[in-house]
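Asker: Here is my input, please return the structure:
(one chain, ligands or ions: 1)
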Amino acid sequence: MPFPLARRMEFITASDVRELLKVTQRPEIISFAGGLPAPELFPIEELAKLAHDLLIEDGVRALQYSTTEGYPPLREWIAARMTSTWGASFEADDILVTTGSQQGLDLTAKLFIDEGDVVVTESPTYLAALGAFKVCRPRFVEVATDDHGMELAALERVLATERPKFVYVIPNGQNPSGRTWSVERREGFMKVMARFDVPVIEDDAYLEIRYDGHTAPSMRSFDTRGQVVCLGTLSKVLAPGLRIGWVAADRALLDRYVLLKQSADLHTASLTQMLAERWLTSGAFDSSLERIRDTYRERRDAMLAALESELPPGCRFTRPDSGMFVWVEFPPTIRSRELLARCLEREVAFVPGDSFFADATRLNTARLNFSNMPPERIREGVKRIGRVLRETLAQD
Ligand code: PMP
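Answerer: Numbers count the residues shown, from 1 in each chain. You can find the predicted model right below:
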């Protein structure tokens with residue numbers, strides 16, 4: 001590179017796994033690596049008709065610049081949905097529409113992190129959140145998690161000794177572990193947090209993708225101090241290509257997010273905001289969500305049954321009730337990156353788990369996605385991973 005770049009670029013490097021996974025685009029590969037929704041569930045016909053009507057009826061507004069905060073009727077819908085379904089009571093003015101919830105993560109980094117500041121995350125956590133935060137060069141402190149959520153004694157120790165700028169959590173169908181925090185743990189977490197002046201960034205990408213039981217209450221429902229900032233998205237419940245997400249927060253804080261977004265991209269595309277709003281208020285949302293849940297539940301069940309029967313002894317895996325991922329721990333001698341290279345020779349892929357830790361530890365773990373493959377391909381893919389694992393263990 002002939003030009004001197006900003007110092008931060010020394011810390012922003014392409015992951016080697018990304019290179020390995022480039023081949024997963026080939027159709028013959030059974031890929032558990034991405035986090036893609038099932039494309040056959042996109043409501044293409046309905047959106048085509050709505051887009052046509054939108055452009056004919058309200059084309060100027062859809063194609064003109066608009067306000068940074070977002071399309072008011074969409075903000076209304078989001079606030080109403082969060083209040084009715086998430087247990088997070090917000091008004092339209094508390095919502096900033098973002099370009100995917102990934103932009104919410106990026107703005108969060110810019111809003112809170114100076115170089116060297118501490119950011120607390122679950123262990124493991126969402127890879128691209130680590131990526132978004134890293135640009136501002138924080139020091140990550142990971143808090144251990146169990147099947148119910150963050151371990152609160154460990155969290156308290158961290159909060160008492162460090163001065164984190166925020167705590168980032170994904171309480172539903174966590175990416176990558178697939179875990180959902182219990183209601184008791186959420187309550188306990190917010191009780192601990194209320195003793196410290198530290199905001200909670202709650203990333204709820206998978207809150208509505210729940211297979212068993214009711215939608216769990218957002219952290220915000222236990223928030224007495226306006227401490228919780230919620231990030232939401234239409235990517236998993238409608239279509240990620242629309243790039244619609246949001247930040248919901250108390251107004252004083254939201255205003256700061258608005259300032260940052262203004263400099264980032266002025267506003268999220270009017271066309272997709274208006275199109276999404278038409279679809280969301282057309283009556284199609286609930287039945288579409290039901291179809292997504294039914295399809296993914298079947299795929300999750302296929303993956304869990306296959307893991308149960310195909311993995312050799314010494315492997316453990318989570319049993320997600322929400323989201324799109326299963327987290328697998330192989331026997332300690334296994335190195336997931338080497339295993340991935342061998343699996344790619346058999347045309348099956350996953351993401352090695354070390355990518356989801358700030359310090360790239362836990363080399364024997366993996367994230368498997370189940371939303372993007374039909375059950376028979378899932379069974380075949382897991383069978384192949386099981387075979388490669390047995391061969392590797394036999395060689396060791
Ligand atoms: N948060 C989590 C936990 C995610 O898994 C994802 C997508 N994989 C995102 C945020 C970003 O999604 P989007 O920008 O499409 O809303």
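
Asker: where's the nearest residue to residue 176 once chain neighbours are set aside, which helix or strand?
Answerer: The shortest distance from residue 176 to any non-neighbouring residue, by Cβ to Cβ, 6 or more residues apart in numbering, is to residue 367 (3.8 Å). Backbone N, C-alpha and C define where each C-beta goes, glycine included. Applying DSSP states H and E as the criterion places residue 367 in strand 365-369.

Asker: ok, and does that strand reach over to the ligand?
Answerer: No: contact of strand 365-369 with the ligand (Cβ under 6 Å from any ligand atom) is absent, the minimum separation being 9.7 Å.

Asker: what does that strand contact?
Answerer: Outside strand 365-369, the residues that touch it by Cβ atoms under 8 Å, 6 or more residues apart in numbering are 31-36, 124, 175-176, 303, 324-330, 336, 339-340, 350-354, 356, 382.

Asker: CA atoms only: put that strand into CSV for me.
Answerer: Extracted C-alpha coordinates of strand 365-369, given in CSV (Å, rounded to 0.1, in the frame of the first residue of the first chain):
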residue,chain,number,x,y,z
THR,A,365,-15.3,-24.8,19.4
ALA,A,366,-17.5,-24.1,16.4
ARG,A,367,-20.7,-22.2,15.4
LEU,A,368,-23.2,-24.0,13.2
ASN,A,369,-26.0,-22.2,11.4
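
Asker: Distance from that strand to the middle of the chain?
Answerer: 14 Å (Cα atoms, centre = their mean, to the nearest Å).

Asker: Let me know the angle separating the next helix-or-strand element following that strand from strand 365-369.
Answerer: Remark: after strand 365-369, the chain's next helix or strand is helix 375-395, criterion DSSP H and E. Inter-element angle recorded for helix 375-395 and strand 365-369: 170 degrees (by axes from the mean of the first three to the mean of the last three Cα atoms, to 10 degrees).

Asker: Enumerate the residues of the stretch 151-300 of the chain near the ligand.
Answerer: Within the stretch 151-300 of the chain, the positions adjacent to the ligand are 170, 175, 203, 205, 233, 235, 240, 245 by Cβ under 6 Å from any ligand atom.

Asker: go with 8 Å
Answerer: Within the stretch 151-300 of the chain, the positions near the ligand by Cβ under 8 Å from any ligand atom are 170, 174-175, 203, 205-206, 231, 233-236, 240, 243-245.

Asker: ok, which stretches of the stretch 51-200 of the chain are strands?
Answerer: Using DSSP state E, counting those that start in this stretch, the strands of the stretch 51-200 of the chain run over 95-99, 118-123, 139-146, 149-150, 166-169, 200-203.
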